[in-house]
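Undergrad: Prediction below, plus the sequence it came from.
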Amino acid sequence: MANIKSAIKRIRVTERRTLRNKMVKSAVKTAIKKFEVALNSGNIEEAKVLYAQAVKALDKAAAKGVIHKNAASRKKSRLTVKLNNALA
């Protein structure tokens, strides 16, 4: 347990940031999963809408620093490939 005042504050800040990061990551995973479920069920129109939401969630997470911008870009690219293959 920390005794120094600044260390105690750091612990509190870290806990808050950890919770925020966990919420954002969970939202990203949920958005991606919804897109993939719609795609696998053959609902292309809904998948297009959910694709846009997933990309937006990834961009927000990257902007907040929750995930690295290259990781977000990689995930967006893979989602785009899946959507294009389904459309073809």
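TA: The structure has been received and is ready for your questions. Numbering: from 1, shown residues only.

Undergrad: where in the chain is pLDDT low?
TA: Counting by pLDDT under 70, the chain shows no low-confidence range.

Undergrad: quick one: the helices in it?
TA: Per DSSP state H, the chain carries helices over the ranges 5-40, 44-64, 69-87.

Undergrad: which parts of the first one are buried?
TA: By neighbour count, and taking 16 or more other Cβ atoms under 10 Å as the criterion, the buried residues in helix 5-40 are V24, A27, V28, A31, I32, K34, F35, E36, A38, L39. No exception for glycine: its C-beta is placed from N, CA and C like everyone else's.

Undergrad: Surely the last one and K82 touch.
TA: Right, L39. Yes: assessed by Cβ atoms under 8 Å, L39 is found in contact with K82 at 6.1 Å.

Undergrad: quick one on the thing from earlier: if we only consider the buried residues of helix 5-40, which is nearest to L50?
TA: F35 (4.1 Å; Cβ to Cβ).

Undergrad: I am finished for the moment; much appreciated.
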